[in-house]
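Enquirer: show me the folded form of this:
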Amino acid sequence: MTKDLLLTIEGHIATITLNRPEKLNAVTPEMAAAIEAAVRDINRSETVRCVILTGAGERAFCAGSDIRQLDAYDTPWNFRNRPDYCDAIRALSKPIIAAVNGYALGGGLETAMSCDIRIASPNATFAAPEIKLGWIGGGGMAAHLMHSAGASNAALLLLTGDPIDAGKALSWGLVSEVVPLADLLLRARALAGIIASRAPIAAETAKANLRAANAMPLEKAIEYERDLQTICFATADAADPVSNGSGATKLCKYKGQTVANVLSAISGVNGGAGRFPAGPNLGCSIAPLTTLTTDMNAISGSSGALTKM
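Expert: Have a look, this model is predicted:
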């Protein structure tokens with residue numbers, strides 16, 4: 001892994017740091033490859049449950065791609081098919097929080113918007129300046145802005161290329177919170193700690209559900225949500241804290257384990273440890289439930305599964 005990208009893991013939380021502060025954390029091809037490798041490692045990890053993405057220093061989260069290295073691509077087609085760091089972030093199956101600590105420009109804005117939750121410091125600046133250079137973004141800029149900020153605000157950013165500050169980003173819905181710079185990572189870690197304390201399979205299915213809500217028509221999204229809910233019912237984490245008969249709920253330590261027989265019935269995967277195959281076009285490690293035709297009797301009657309839903 002390049003020195004320009006740092007990956008640290010503390011407990012159930014991984015932190016990815018873009019570590020090129022002298023260049024405003026602009027991403028090189030080597031950094032993009034390192035991001036892809038980090039995402040693969042995190043997706044395979046049975047320990048990591050939440051991820052934080054931030055930039056080194058106090059000036060920039062990420063200024064996008066290092067445009068001085070774009071000449072390394074000999075044709076526009078090879079540039080189009082390059083490894084894309086925003087695609088890598090969206091391929092992450094675990095929840096990810098962007099701690100935006102300064103400039104988020106171009107691909108840096110796309111990177112932040114590829115995360116599930118965004119918080120920012122007051123000095124954060126957001127812009128899509130590509131139009132000033134004669135092109136547009138290619139990492140999901142328009143789609144993410146439309147979903148987060150609405151059509152008019154998206155057009156304002158894309159057609160002018162002018163920046164907005166953290167306060168306006170908050171009012172537009174691009175970020176969830178604005179936090180003093182000194183407290184930004186502390187707040188990100190606090191949020192990550194809360195998410196990591198939740199049932200991990202439920203957290204991953206919740207993330208897949210959010211992606212589906214953006215990508216599917218309403219009725220299909222609701223159908224998919226119910227399939228994901230069924231998978232959650234088929235986990236040990238859902239079975240552990242059930243009512244003990246007095247109406248109270250038992251406390252449990254979430255382990256992210258499936259009930260083996262039920263998992264086999266649902267997806268044909270033997271064993272009960274955690275991860276599902278990748279779902280279609282959602283970038284999350286969830287079974288392809290749009291083709292699932294599970295008989296609910298097989299679920300409710302399997303050993304170890306919940307018999308009431």
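Enquirer: confirm for me that Cys115 is in contact with Val100.
Expert: No - with contacts counted by C-beta atoms under 8 Å, Cys115 stays clear of Val100, the gap being 9.2 Å. In short, each C-beta sits where N, CA and C put it, glycine included.
Enquirer: more neighbours: which of those two?
Expert: Neighbour tally, Cys115 and Val100, criterion other C-beta atoms under 10 Å: the higher count belongs to Val100, 33 against 20.
Enquirer: so the more buried one sits against Thr125, correct?
Expert: No - the pair Val100 / Thr125 is not scored as a contact, 9.1 Å apart, by C-beta under 8 Å.
Enquirer: need the overlap of contacts for those two.
Expert: Counting by C-beta atoms under 8 Å, 6 or more residues apart in numbering, the contacts common to Val100 and Thr125 are Ala166.
Enquirer: residues in contact with stretch 162-169?
Expert: 100, 105, 120-127, 129, 156-157, 172, 175, 178.
Enquirer: most neighbours of all those, which one?
Expert: Using other C-beta under 10 Å as the neighbour criterion, Val100 leads the contacts of stretch 162-169 with 33 neighbours.
Enquirer: quick one: contacts for that one?
Expert: Counting by C-beta under 8 Å, 6+ apart, Val100 touches 54-55, 61, 112, 118-121, 124, 126, 166, 175.
Enquirer: got the CA positions of stretch 181-198 in CSV?
Expert: What follows is stretch 181-198, C-alpha atoms only, in CSV (Å, rounded to 0.1, in the frame of the first residue of the first chain):
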residue,chain,number,x,y,z
LEU,A,181,-12.5,20.9,13.0
ALA,A,182,-10.9,19.8,16.3
ASP,A,183,-13.9,17.6,17.0
LEU,A,184,-14.5,16.2,13.6
LEU,A,185,-12.7,12.9,13.9
LEU,A,186,-14.0,12.5,17.4
ARG,A,187,-17.6,12.8,16.2
ALA,A,188,-16.9,10.5,13.3
ARG,A,189,-15.5,7.9,15.7
ALA,A,190,-18.5,8.3,18.0
LEU,A,191,-20.9,7.7,15.1
ALA,A,192,-18.9,4.8,13.9
GLY,A,193,-18.8,3.3,17.4
ILE,A,194,-22.6,3.5,17.5
ILE,A,195,-23.0,1.8,14.1
ALA,A,196,-20.4,-0.8,15.0
SER,A,197,-22.3,-1.7,18.2
ARG,A,198,-25.3,-2.6,16.1
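Enquirer: just the ones in strands from the contacts of Val100, please.
Expert: 54-55, 61, 118-120, 126 (DSSP state E).
Enquirer: from those, pick the one nearest Pro217.
Expert: Arg118 (26.3 Å; C-beta to C-beta).
Enquirer: that closest one contacts Thr111, correct?
Expert: No - with contact defined as C-beta under 8 Å, Arg118 and Thr111 do not form a contacting pair (10.2 Å).
Enquirer: spit out the residues that contact the two alike.
Expert: By C-beta under 8 Å, 6+ apart, the residues touching both Arg118 and Thr111 are Ala98.
Enquirer: re earlier: format the ones in strands among the contacts of Val100 as JSON lines; extra columns: distance to Leu228.
Expert: Formatted as JSON lines, the ones in strands among the contacts of Val100 follow (distance: C-beta to C-beta, whole Å):
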{"residue": "Thr54", "distance to Leu228": "29"}
{"residue": "Gly55", "distance to Leu228": "33"}
{"residue": "Phe61", "distance to Leu228": "31"}
{"residue": "Arg118", "distance to Leu228": "24"}
{"residue": "Ile119", "distance to Leu228": "26"}
{"residue": "Ala120", "distance to Leu228": "30"}
{"residue": "Phe126", "distance to Leu228": "31"}
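Enquirer: please pick the buried ones from those.
Expert: With burial judged by 16 or more other C-beta atoms under 10 Å, the buried subset of the ones in strands among the contacts of Val100 is 54-55, 61, 118-120, 126.
Enquirer: okay, those in TSV with distance to Gly134 and pLDDT next?
Expert: Listed next are those as TSV, based on distance: C-beta to C-beta, whole Å; pLDDT from 0 to 100:
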residue	distance to Gly134	pLDDT
Thr54	30	98
Gly55	26	98
Phe61	24	98
Arg118	28	98
Ile119	33	98
Ala120	28	98
Phe126	21	98
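Enquirer: residues in contact with the residue lying closest to Gly137 once chain neighbours are set aside?
Expert: Of all residues not flanking Gly137 in the chain, Glu130 sits nearest, at 5.2 Å (C-beta to C-beta, 6 or more residues apart in numbering). Applying C-beta under 8 Å, 6+ apart, we find Glu130 in contact with 106, 136-137, 141, 161.
Enquirer: now, which of those sits nearest Arg198?
Expert: Of all the contacts of Glu130, Arg198 sits closest to Met141, with 30.6 Å by C-beta to C-beta.
Enquirer: out of the ones in strands among the contacts of Val100, who's nearest Leu218?
Expert: Set against Leu218, the nearest of the ones in strands among the contacts of Val100 by C-beta to C-beta is Arg118 (25.1 Å).
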